[in-house]
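> I'd like to go over a predicted model; first the sequence, then the structure.
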Amino acid sequence: MKLKSLSEKILKSVKSKGFKYIELPSVIESNHIVQRSGENFRKLIFSFTDQNGNELCLRPDLTIVSCLRYLENNLKGKEKIFYYGQAYRKSQDKKNSIIRNQIGFEIIGSQHEKNDDKEIIYTSIKTLKGIKYSSGVLTIGNIEIFNLLLSKLDIPKRWRLRLSRHFWRENYFNDLLKRLETNSDVDPTIVEVDQKRYFKMLRDDHSIIVAGRSIGEILKRFNDKIKDPRRISKGQKVSKIIKDFLKIKCPINQAAKKINSFFEKKKINLVVDQKYFPISNNKILKLNVIFSASFGRQLEYYTGMVFKIDIKCNSKIKNIINGGRYDNLILDLGAKKKIPAVGAALNL
């Protein structure tokens, strides 16, 4: 009963900000999730086969289901929506519940990105008024700034793509940095074998598909590796720059100053304006507001501003809200063009 009363207060609060309530389906096609999140994600979902042989699953994530709705209903223009329901996902930690009660709210299809980012954060803060807590922290990050930094670093293009693509996988990302520093993934024996395969493939039909790629595509990638080598000294320098950047953590009103000072020190031709951040106040209600360059590693689909709110309740720190911008998600699900989207989910 207590949870129901709390959720009703929060839903009323979100509705007062102009968001429209929508219902989301509980069951979706599994391929929507697997194609977006990879085969490894399959073991986390509850899937089954219907009478027609289609693989379906209980929704493991409300945001993806909401974006599918926008796409499949061929919706256009700006939508401000919110929803309430359960997401179902297995966890490696047996203590975690497989059922997650969530309230989500989103702004989709709007071109006013900075204003929308700000509105989602302030709507999130407003929902806290129904919750008793003594203090908290609003952490803001920005994956776009990290990708801009990568674009300026002296490393092969394939490494930029690799580091950007796997930023959200913290352990694997750190492993990539080690490989960048040492060239430990370049085995002379394997290189020799690759060269033999390369010369053999040159004589084959380039349209033949091998492991999902044409021989022509494989040859082009191998050519890129030969023409775009990396040296250990360069890799070590780049890895240090990335590690130092990810250490930046400060009150939000110092974010631009700290980042620009870092860029200047490392001789990187980039400048960030404080207006780039949706908030400049270091304190909002009971929340301290900070910037963290390393934050943003929870979900693969985030593309820009990301944030979370942790509150102190009964001497325990609880993560209660997570959100951010995911401009590529609807495109990845099958749209013909990129559609701006930003939202947040409150974990009940």
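Right, received. Where do you want to start?
> Can you tell me the SS state at Arg179?
helix (DSSP: H, G, I helix; E, B strand; the rest coil).
> Break the protein into its domains for me.
The record's domain parsing of the chain by automatic domain parsing lists 2-24+59-148+243-347, 156-242.
> any idea which of those scores lowest on pLDDT?
Note on the domains of the chain: lowest mean pLDDT is at domain 156-242, with a mean of 74.
> what about it, start to end distance?
Using CA to CA, to the nearest Å, the end-to-end distance of domain 156-242 comes out at 15 Å.
> before we move on, what about stretch 120-140?
Start-to-end, stretch 120-140 (CA to CA) is 12 Å.
> Now that stretch: buried residues?
Under the neighbour-count criterion of 16 or more other CB atoms under 10 Å, stretch 120-140 has 120-121, 123-125, 127-128, 131, 133, 136-140 buried. (Each C-beta comes from the backbone N, C-alpha and C, glycine too.)
> In helices only, show me those residues.
Using DSSP state H to define helices, the subset of the buried residues of stretch 120-140 located there is 120-121, 123-125, 127.
> Ile209: which of the residues you listed is nearest?
Relative to Ile209, the closest of those is Ile120; by CB to CB it sits at 42.8 Å.
> From Phe277, how far off is the closest one?
Distance, Ile120 to Phe277, by CB to CB, to the nearest Å: 14 Å.
> just the strands in the stretch 51-200 of the chain please.
Per DSSP state E, counting those that start in this stretch, the stretch 51-200 of the chain carries strands over the ranges 55-58, 79-88, 99-108, 135-142.
> Could you point out which of the ones you listed sits nearest Phe199?
Nearest of the strands of the stretch 51-200 of the chain (CB to CB): strand 55-58, 41.6 Å.
> right, and the secondary structure at the residue nearest the centre of the chain would be what?
Central residue of the chain (CA atoms, centre = their mean): Tyr302, 2.7 Å from the mean position. State at Tyr302, reduced to three classes by three-state DSSP: coil.
> Repeat that for the one 10 residues further on.
The three-state label for Lys312, taken from three-state DSSP, comes out as strand.
> ok, it - contacts?
Lys312 makes contacts with 133-136, 318, as judged by CB atoms under 8 Å, 6 or more residues apart in numbering.
> cutoff 7 Å now
133-136 (CB atoms under 7 Å, 6 or more residues apart in numbering).
> Pairing partners for it in the sheet, please.
Taking DSSP bridges as the rule, Lys312 bridges to Ser135, Ile317.
> Tell me the spacing between it and Leu62.
26 Å.
> One more: Ile98?
15 Å.
> Can you report how many residues neighbour Val210?
Applying other CB atoms under 10 Å, we find 11 other residues in the vicinity of Val210.
> hang on, the earlier thing: which one of the domains of the chain is the most hemmed in?
domain 2-24+59-148+243-347 (a mean of 17; mean count of other CB atoms under 10 Å).
> Work out the gap between that domain and the centre of the chain.
10 Å (CA atoms, centre = their mean, to the nearest Å).
> re earlier: out of the buried residues of stretch 120-140, flag the one nearest to Leu246.
Using CB to CB, Thr139 is the member of the buried residues of stretch 120-140 that lies nearest Leu246, at 13.7 Å.
> ok, now which ones touch the closest one?
Thr139 makes contact with 290, 292, 295, 307-308, according to CB under 7 Å, 6+ apart.
> Now secondary structure too, for those, in a markdown table please.
Formatted as a markdown table, these follow (three-state DSSP):
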| residue | secondary structure |
| --- | --- |
| Ile290 | strand |
| Ser292 | strand |
| Phe295 | coil |
| Phe307 | strand |
| Lys308 | strand |
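> got the residues you listed as CSV, with distance to Glu106 columns?
Shown next, in CSV, are the contacts of Thr139 (distance: CB to CB, whole Å):
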residue, distance to Glu106
Ile290, 24
Ser292, 23
Phe295, 20
Phe307, 14
Lys308, 16
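> Distance of the residue in the chain sticking out farthest from the centre relative to Lys126?
Among residues of the chain, the one most distant from the C-alpha centroid is Arg203; the distance is 41.8 Å, by CA atoms, centre = their mean. According to CB to CB, Arg203 and Lys126 sit 66 Å apart.
> His206 too?
Distance from His206 to Lys126, by CB to CB: 58 Å.
> ok, now Arg197?
59 Å.
> follow-up on the earlier one: between the ones in helices among the buried residues of stretch 120-140, which sits nearest Arg165?
Using CB to CB, Ile120 is the member of those that lies nearest Arg165, at 25.0 Å.
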